[in-house]
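Engineer: What shape does this take:
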Amino acid sequence: MWLPPASVANVRLRQMLIGYARVSKADGSQSLDLQRDALLAAGVEEHRIYADRASGKQDERPGLEACLKALREGDVLVIWKLDRLGRSLHHLVKTVTGLSGHGVGLKVLTGQGARIDTTTAAGRLSFGIFAALAEFESELIRERTVAGLRAARARGRKGGRKPALTKAQVRTIQAAMAHRDTSVSELCGELGISPVTLYRYVDPQGNLRDHGKRVLGA
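Structural biologist: Numbers count the residues shown, from 1 in each chain. Reported below is the predicted structural model:
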């Protein structure tokens, strides 16, 4: 049946509860049962629970990626504790802010974030405090970094990370990479570096890149 625009605006989207659980070890020594049981008790259906066995610091969490893709406007993401979702306070705030922007709520069942339920006014206020703390933390880090660089310059030192390779190592890499039969894996093994690091300094033909030029003063 056709509804006039005013009536369409009043139609409430069906709320779907989607759960996410995570344990740090993938060797089976940690169980998801506790989190899964809590999510089920909160009303999340078994087939709507996504899970990962991975460290919270890892970028790749296929369970979380699938969970976020499954969420739609009006849905609520349910987690056991805040630390199950974010790699850091900043990452957590960024994730939840993104969810809110798509009309998805967040509900935390236990721990320090148990008051957070972004589908309610009080829950949004609690999360707002977390967001303010994340912004404050980022600003402190930035200020300390700037102050440290200024102090270093005042003492005649240049700021920034020290090069991973010495001049001699860069020259060795240059000479080795100029030969087509050089094994990159063996060369990296001898120097104790990864191929990613090697290619920051030279290209596949042994020509210097920006990192290599800085080390050699070219």
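Engineer: What is the helix or strand where residue 215 lies packed up against?
Structural biologist: Under the criterion of DSSP states H and E, residue 215 resides in helix 210-216. Applying 3 or more C-beta pairs under 8 Å, 6 or more residues apart in numbering; DSSP states H and E, we find helix 210-216 packed against helix 167-177, helix 195-201. Backbone N, C-alpha and C define where each C-beta goes, glycine included.
Engineer: got JSON lines for those, with distance to residue 126, mean pLDDT and mean neighbour count too?
Structural biologist: Output for these, formatted as JSON lines (distance: least, C-beta to C-beta, whole Å; pLDDT from 0 to 100; neighbours: other C-beta atoms under 10 Å):
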{"stretch": "helix 167-177", "distance to residue 126": "51", "mean pLDDT": "89", "mean neighbour count": "17"}
{"stretch": "helix 195-201", "distance to residue 126": "41", "mean pLDDT": "90", "mean neighbour count": "16"}
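Engineer: Can you list phi and psi of the closest residue in space to residue 43 that isn't next to it in sequence for me?
Structural biologist: Sequence neighbours aside, residue 17 is the residue nearest to residue 43 in space, at 5.4 Å (criterion: C-beta to C-beta, 6 or more residues apart in numbering). The phi/psi pair for residue 17 (degrees, to the nearest 10) reads phi -90, psi 120.
Engineer: which stretches of this structure have low pLDDT?
Structural biologist: Within the chain, the ranges that satisfy pLDDT under 70 run 1-14, 26-29, 56-59, 130-131, 133-138, 140-141, 156-163, 218.
Engineer: residue ranges for the strands of it, please.
Structural biologist: 17-23, 49-53, 76-79, 105-108 (DSSP state E).
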